[in-house]
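J.: give me the fold of what follows.
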Amino acid sequence: MSQPRTTKKSRAELDKKIITRMRNSTQPAFRTAEPQFFICPDCQCLFIQSRPVSHHSQIACCGNPLTALIPENLSASRSIKEHLNASHQPKITISGGFSANVATVEVGEGKHLMTGDHAIRWIYLHTFMGGQIKYLKPEEPPSATFSLSGDDAFVYCDRNICKMGNAHCLFNCKRGFAAYAYCNQHGLWKYQF
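T.: Numbering: from 1, shown residues only. The predicted structure is shown next:
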């Protein structure tokens, strides 16, 4: 019996294929507008609007208009503002490879308090293809990991990251991603990657 014939590609051919793939890639446009968040003052139901809402339209739940959640911009004293910023600010970390990766969002430089009365209730990640939300339970760490696929996962870089290694990649291809974290005591917080 004869062995199946295998072809070996030269290293130059493999490098050329990788480089061609990156040169032909462009970062996609966002498919949805920046999200707007609304919450029901009675039942705490969350509504996420992915296109701008007209000022004339009224979104309601439980017979009442929903309250718009605006990312915090405190005008309190500097020390209070710095403390709140440090404990509530979401941070995005991307890890993975060339066409498959994950985004981890952690809230606060230290650990944000996670009790029944004061906690981060949810984290939302806005990406090229839309958005994802993770609801958190009290007593859990204030972080969430999001799988990225399709246009969200692909790396749009003109450098060969495989040769650079993940430790040197800054994932600049994900510029524009935004993380939102909602604290039931201090409102909505945003981080733009």
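
J.: can you confirm Ala86 is in a strand?
T.: No. Counting by DSSP: H, G, I helix; E, B strand; the rest coil, Ala86 is not part of a strand but helix.

J.: how about it, nearest residue that isn't a chain neighbour?
T.: Glu109 (4.8 Å; C-beta to C-beta, 6 or more residues apart in numbering). No exception for glycine: its C-beta is placed from N, CA and C like everyone else's.

J.: neighbours around that neighbour, how many?
T.: Neighbour count of Glu109, defined by other C-beta atoms under 10 Å: 12.

J.: which residues touch it?
T.: Shown in contact with Glu109 (C-beta atoms under 8 Å, 6 or more residues apart in numbering): 86-87, 89.

J.: and it, what helix or strand is that in?
T.: Secondary structure from DSSP states H and E places Glu109 outside every helix and strand.

J.: look up how far Ala153 lies from it.
T.: 28 Å (C-beta to C-beta, to the nearest Å).

J.: now do Gln49
T.: In terms of C-beta to C-beta, Gln49 sits 25 Å off from Ala153.

J.: the more surrounded of these two?
T.: Comparing Gln49 with Ala153 by neighbour count (other C-beta under 10 Å), the higher total belongs to Ala153, at 22 against 17.

J.: ramachandran angles for the more buried one?
T.: phi -90, psi -30 (degrees, to the nearest 10).

J.: my read: it touches Ser95, true?
T.: No. At 11.6 Å, Ala153 does not count as touching Ser95 under the criterion of C-beta atoms under 8 Å.

J.: give me the common contacts of those two.
T.: Asn101.

J.: just checking: what are the partner strands of the one helix or strand Val105 maps to?
T.: Using DSSP H and E, Val105 maps to strand 101-107. Strand 101-107 has these partner strands in its sheet, going by DSSP bridges: strand 90-96 (antiparallel), strand 143-148 (antiparallel).

J.: which outside residues touch the first one?
T.: Spelled out, that is strand 90-96. 101-107, 123, 125, 148, 153, 166, 171, 174, 177, 179-181, 189-191, 193.

J.: let's see that strand as CSV, backbone CA atoms only.
T.: Listed next in CSV are the C-alpha coordinates belonging to strand 90-96 (Å, rounded to 0.1, in the frame of the first residue of the first chain):
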residue,chain,number,x,y,z
PRO,A,90,-14.9,49.0,34.7
LYS,A,91,-11.7,47.8,33.0
ILE,A,92,-11.5,45.6,29.9
THR,A,93,-8.8,43.0,29.4
ILE,A,94,-8.6,41.1,26.1
SER,A,95,-6.9,37.7,25.9
GLY,A,96,-6.7,35.0,23.3
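
J.: buried ones in that strand?
T.: 90, 92, 94, 96 (16 or more other C-beta atoms under 10 Å).
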